[in-house]
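1. Next input, structure requested:
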Amino acid sequence: MSPLAYAIVVEKGRSQNRTPPPVGPIELWVIRKGLKIEKGQTTKSVAIAVAKSIGKHGFEGLFMFREGLKASTATINQIWLKMSQRVARELDK
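-> Next up, the predicted model:
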């Protein structure tokens, strides 16, 4: 799964009662998070359980990109205005 596809799913969330997501990326997530693996479990068995749960229950999106853009729009607009004024001054020379 590409990081872009993962980011979009985390941003927007995932509806319930769908086909479970791929186990491979979730297994890597289990390892990176350092989730406790109980006796008789493997990282893969935990990842399978997580994937099944996501498929059944879904999850709400975090909307980190939407909120980040909202929080920085004023700054982006200020930078854009300053740069466009600078370009206009350079063109007037």
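2. Only C-alpha atoms from now on, for both contacts and neighbour counts.
-> Fine.
3. Look up phi and psi at residue 14.
-> Main-chain torsions, residue 14, degrees, to the nearest 10: phi -150, psi 130.
4. now do the one 4 residues further on
-> In terms of degrees, to the nearest 10, the main-chain angles of residue 18 are phi -120, psi 170.
5. quick one: it and residue 55 touch, right?
-> Yes. In this structure, residue 18 is within contact of residue 55 by CA atoms under 8 Å, at 4.9 Å.
6. Neighbour count: the two, which is higher?
-> Ranked by neighbour count (other CA atoms under 10 Å), residue 18 and residue 55 place residue 55 first, with 18 against 13.
7. Find the residue closest to that one in space, skipping its chain neighbours.
-> residue 20 (3.9 Å; CA to CA, 6 or more residues apart in numbering).
8. how about the worst-scoring helix or strand of the chain on mean pLDDT as CSV, C-alpha atoms only?
-> Ranking every helix and strand in the chain by mean pLDDT, DSSP states H and E puts helix 3-12 at the bottom, with a mean of 87. Backbone C-alpha positions of helix 3-12 (Å, rounded to 0.1, in the frame of the first residue of the first chain) are rendered in CSV as follows:
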residue,chain,number,x,y,z
PRO,A,3,2.0,6.0,1.8
LEU,A,4,-0.4,8.3,-0.2
ALA,A,5,-3.2,5.7,-0.1
TYR,A,6,-2.6,5.2,3.6
ALA,A,7,-2.7,8.9,4.3
ILE,A,8,-6.0,9.4,2.5
VAL,A,9,-7.6,6.6,4.5
VAL,A,10,-6.3,8.0,7.8
GLU,A,11,-7.5,11.5,6.8
LYS,A,12,-11.0,10.5,5.7
